[in-house]
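Visitor: return a 3D structure for these sequence lines:
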Amino acid sequence: TLRATRALVLLAGFYLLGLVLLAALAAVDWAAAVHTPGPFALKVFLVSAVLADPIVRGMFMLRTPADEDMPGVRVDDSHEPRLWQTVRDIAQQVGTRAPDEILLTGDVNATVSEDARFLGLVGGTRRLHIGLPLMTGLSETQLRAVLAHEMGHY
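Guide: As a prediction, the model looks like this:
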């Protein structure tokens, strides 16, 4: 899709920009080594090293954060069939795949997460986190609206 293509181009552009900046620093180092006296060239090398460090770190630190276990109680289809059926119906209406897990939490919030791979192009395990205080404070129609909103994030 256009969104996935744009994400790949931006990611490739990030690494390309990093490589261009490192090449520019290397060119400055080479020019300093060839055309300037030794003590000045050493200062240029030191400044280049200081400038190259965050570039290299940024290129290698760009990754998905480690999966953190969200507190909550997993509910399966046998324990809450009406909730699961509602979530599946809403996911179908929104045009997305339903979550693989539903977790009930103590937060007044609802969130979704997905363990996607390959820059988000390959889907993974989807989780829906629903706070029990949120559920108790909403009507069924309002809860369906919240669930539809969360399915829209997928």
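Visitor: pretty sure L134 is touching A110, no?
Guide: Yes - counting by Cβ atoms under 8 Å, L134 does reach A110; the two are 6.0 Å apart. C-betas here are computed from N, CA, C, even on glycine.
Visitor: which residues are in contact with each of the two?
Guide: Taking Cβ atoms under 8 Å, 6 or more residues apart in numbering as the contact rule, the neighbours common to L134 and A110 are V146.
Visitor: give me the phi and psi for the most far-flung residue of the chain relative to its centre.
Guide: Distance from the C-alpha centroid of the chain peaks at P37, with 47.8 Å (Cα atoms, centre = their mean). Torsion angles at P37 (phi, psi; degrees, to the nearest 10) stand at phi -70, psi 160.
Visitor: G137 versus that one, what's the distance?
Guide: 74 Å (Cβ to Cβ, to the nearest Å).
Visitor: hmm, E101 is touching R74, no?
Guide: Yes - the pair E101 and R74 qualifies as a contact (Cβ under 8 Å) at a distance of 5.9 Å.
Visitor: okay, the two: which has more neighbours?
Guide: The neighbour comparison of E101 against R74 (other Cβ atoms under 10 Å) goes to E101, with 15 against 10.
Visitor: quick one: low-confidence ranges for the chain?
Guide: 62-70, 117-121 (pLDDT under 70).
Visitor: tell me the buried residues in the helix ranked longest in it?
Guide: For the chain, the helix with the greatest residue count under DSSP state H is helix 2-35. Residues 18, 22, 25, 29, 32 are the ones in helix 2-35 that count as buried (16 or more other Cβ atoms under 10 Å).
Visitor: now A110: how far from Q93?
Guide: From A110 to Q93 the distance is 17 Å (Cβ to Cβ).
Visitor: ditto for D100
Guide: D100 sits 19 Å away from Q93, going by Cβ to Cβ.
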